[in-house]
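[1] Structure for the following, please:
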Amino acid sequence: MVSEEVTRAVTCVIHTRPGLSMDDLILACAPYTWNQVFLALDDLVRHGVVTLKHQRGFYVISSSSDTMTKKRVNNRRHIPARSKTRPHLQV
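    Residues are numbered from 1 along each chain as shown. Modelled structure (predicted):
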């Protein structure tokens, strides 16, 4: 069972420092053991609060809300205006 105090500390660190590695998270949560931090992180990932992304041999930890915001921005597409030089077919 994961302590609420550890989960709160892990969540706070992830929200204030998005994109950090597991090593950075462990160091930022120094009063707690590696096992406590890992179990809290595992629980947060399973509940969809946090996402893990594999980049360049490391796992990057981010808040799911940060990830969703980036996806929304990246999914917006620029729709070019119609060219006046191209003839249009009329029905």
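[2] which residues are contacting stretch 33-47?
    Applying Cβ atoms under 8 Å, 6 or more residues apart in numbering, the external contacts of stretch 33-47 come out as 2-3, 6-7, 9-11, 14, 22, 25-26, 29, 50-52, 61. All C-beta atoms are positioned from the backbone trio N, CA, C, and that covers glycine.
[3] Tell me where the chain has strands.
    For the chain, applying DSSP state E gives strands covering 20-21, 50-55, 58-63.
[4] what number of residues lie near residue 27?
    Residues near residue 27, counting by other Cβ atoms under 10 Å, number 12.
[5] Against residue 57, how distant is the closest residue to residue 50 other than its chain neighbours?
    Nearest-residue entry for residue 50: residue 44, 4.1 Å, with adjacent residues in sequence omitted and distances by Cβ to Cβ, 6 or more residues apart in numbering. Computed with Cβ to Cβ, to the nearest Å, the distance linking residue 44 and residue 57 is 22 Å.
[6] neighbour count winner among these two?
    Each of residue 44 and residue 57 has its neighbours counted (other Cβ under 10 Å); residue 44 has more, 21 against 5.
[7] With adjacent residues omitted, what lies nearest to residue 24?
    Computed as Cβ to Cβ, 6+ apart, the closest residue to residue 24 that is not its neighbour in sequence is residue 17, at 7.2 Å.
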